[in-house]
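Q: below are the sequence and a predicted model for it; my questions follow.
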Amino acid sequence: GGGGGPLQSQHGGALTPAAAGPDPLDEARSYGILAYGNQFAAEGEIAKALACYNKALVLQRKSLGEDDEITGRTLRQIGNTLVEMGQAEAALTPLEEALYIRQKHAGGV
């Protein structure tokens, strides 16, 4: 049974995709998850909204990059949601990241 497929053995024989780049569907999935989050937020289900925003952020970072403007907007949503939940200190990190990304794209960093 010769292979030749896209899998290669690494460290202890575990099979991992060779040179796996970002999944182009991850960006699209992130938008669907964000839409669910926005719906939860509109219904007052803030914790569920936050969970959706965090899932979307993971997909966006993988597909768009850490410093993409869309990733920044999601970070801002996460920060604003944390503030709404009364967790202002926890909100500082995502809001500062969002600000950094916004300034970077505006030429300020």
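A: The structure has been received and is ready for your questions.

Q: tell me the contacts of residue 80?
A: Contacts for residue 80 (C-beta atoms under 8 Å, 6 or more residues apart in numbering) come out as 91, 95. (Glycine included, C-beta is placed from N, CA and C.)

Q: what helix or strand is it on?
A: If you go by DSSP states H and E, residue 80 is part of helix 69-84.

Q: show me the strands in the chain, by range?
A: Along the chain, counting by DSSP state E, strands occupy 7-10, 14-17.

Q: going by mean pLDDT, which of these comes out lowest?
A: Lowest mean pLDDT of these: strand 7-10, a mean of 40.

Q: returning to what we had before: for the helix holding residue 80, buried residues please.
A: The neighbour-count check on helix 69-84 (16 or more other C-beta atoms under 10 Å) flags 70-72, 74-82 as buried.

Q: any idea how far it is from the chain center?
A: Mean C-alpha position of helix 69-84 versus that of the full chain (C-alpha atoms, centre = their mean, to the nearest Å) differs by 10 Å.

Q: could you dump that helix to CSV, C-alpha only?
A: The C-alpha trace of helix 69-84 is given here as CSV (Å, rounded to 0.1, in the frame of the first residue of the first chain):
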residue,chain,number,x,y,z
GLU,A,69,-9.4,44.6,9.8
ILE,A,70,-12.3,42.1,10.1
THR,A,71,-10.4,40.3,12.8
GLY,A,72,-10.1,43.7,14.5
ARG,A,73,-13.8,44.3,14.3
THR,A,74,-14.5,41.0,15.9
LEU,A,75,-12.1,41.8,18.7
ARG,A,76,-14.0,45.0,19.2
GLN,A,77,-17.3,43.1,19.4
ILE,A,78,-15.8,40.8,22.0
GLY,A,79,-14.5,43.7,24.1
ASN,A,80,-17.8,45.5,23.9
THR,A,81,-19.7,42.4,24.9
LEU,A,82,-17.4,41.8,27.9
VAL,A,83,-18.1,45.4,29.0
GLU,A,84,-21.8,44.8,28.6
